[in-house]
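1. Sequence and predicted model, in that order:
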Amino acid sequence: MSSEQVMLGLGANVGDRLETLAAAVHAIDDLDGVAVQDVSAVYETPPWPPADDPRAVTQEAYYNLVVKAVTNLEPPQLLEETQLLERAFGRDRDREVRWGPRTLDIDLLLFGDREYDSDTLTLPHPRLAERAFVLVPLLEIMPGGALPDGRRLTHLLAALAPIEGIEPVVRLEDLPGRRFERPTGPSAPPASFSRPEFGAPADDPGRQG
């Protein structure tokens, strides 16, 4: 079965945000049929929607990053696996507020050049072009990248200018006790991890959000 490159957006603003994101990246790499290749820096970002939006919910700032991986799973399978991980980290989709606080949020942003739409998943992510907190780390590991419809990520980010409040925090490879070797170029092998133990999650179907 052939593999495709996928981009995943991770965010957390409850509890130890940095530890959650670091553990989640390792958990994604541990999934059968998924191999992490690169990870952006961690960025602290204001909640979305912005505070002046009537849909906004009062909450803490997020830590966000983007993961590049390859997978031989189909989009619905990968969505199911990532939602299992969200639940394992404490997310309860039945009780949460839309756009409210998240222990862990994993969004499927891009899946190769696919355009995909179902009741539970739309690819590319339908709000990708609206979110500077996604585009900034996405451009870091996908320089010169574009959506399947040809829109360049740089143009999408420029349309959101001025970009404010998105601050780099740390690289995961710089954390004590964590080892993540970033690839040095297109021909580099997949990244190498020292993986923490991770328990088996329970089932949690639902739409990405």
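-> Ah, there it is.

2. where in the protein is pLDDT low?
-> In the predicted model of the chain, residues 1, 99, 177-209 satisfy pLDDT under 70.

3. Let's see that with 80 instead.
-> For the chain, residues meeting the criterion pLDDT under 80 lie at 1, 48-52, 56, 58, 94-101, 175-209.

4. the helices in it, which residues?
-> In order along the chain, the chain carries the following helices (DSSP state H): 17-30, 75-88, 132-141, 153-158.

5. In CSV, list those along with mean neighbour count and distance to residue 68.
-> No exception for glycine: its C-beta is placed from N, CA and C like everyone else's. Listed next are the helices of the chain as CSV, based on neighbours: other CB atoms under 10 Å; distance: least, CB to CB, whole Å:
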stretch, mean neighbour count, distance to residue 68
helix 17-30, 21, 11
helix 75-88, 20, 14
helix 132-141, 22, 5
helix 153-158, 16, 13
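
6. The ones you listed: which one's closest to residue 166?
-> Among those, helix 132-141 comes nearest to residue 166, with 5.3 Å by CB to CB.

7. now for the closest one, which elements pack on it?
-> With contacts taken as 3 or more CB pairs under 8 Å, 6 or more residues apart in numbering; DSSP states H and E, helix 132-141 sits against strand 4-12, strand 42-45, strand 62-71, strand 105-111, helix 153-158.

8. redo that, cut-off 7 Å
-> strand 42-45, strand 62-71, helix 153-158 (3 or more CB pairs under 7 Å, 6 or more residues apart in numbering; DSSP states H and E).

9. Which one of those lies nearest to residue 80?
-> Closest approach to residue 80 among the helices and strands packed on helix 132-141 is made by strand 62-71 (12.4 Å; CB to CB).

10. Residue 4 contacts residue 110, doesn't it?
-> No. Applying CB atoms under 7 Å, one finds residue 4 not in contact with residue 110, separated by 9.7 Å.

11. The two: which is more packed in?
-> Comparing residue 4 with residue 110 by other CB atoms under 10 Å, the one with more neighbours is residue 110, at 25 against 17.

12. how much space between that one and residue 69?
-> Applying CB to CB, to the nearest Å, the value for residue 110 to residue 69 is 11 Å.

13. Residues that sit against both of the two, list them.
-> Jointly contacting residue 110 and residue 69 under the rule CB atoms under 7 Å, 6 or more residues apart in numbering are residue 6.

14. on that earlier part again, JSON lines for the helices and strands packed on helix 132-141, including distance to residue 94?
-> As requested, the helices and strands packed on helix 132-141 are exported to JSON lines (distance: least, CB to CB, whole Å):
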{"stretch": "strand 42-45", "distance to residue 94": "26"}
{"stretch": "strand 62-71", "distance to residue 94": "22"}
{"stretch": "helix 153-158", "distance to residue 94": "33"}
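
15. For residue 170, which of these is the nearest?
-> Each of these has some distance to residue 170 by CB to CB; the shortest is strand 42-45, at 5.4 Å.

16. Residue 159: neighbour count?
-> Residue 159: 12 surrounding residues under other CB under 10 Å.

17. can you offset everything so residue one is 613?
-> Sure, I'll start numbering at 613, so the last one becomes residue 771.

18. show me the contacts for it.
-> Residue 771 makes contact with no residue under the criterion CB under 7 Å, 6+ apart.
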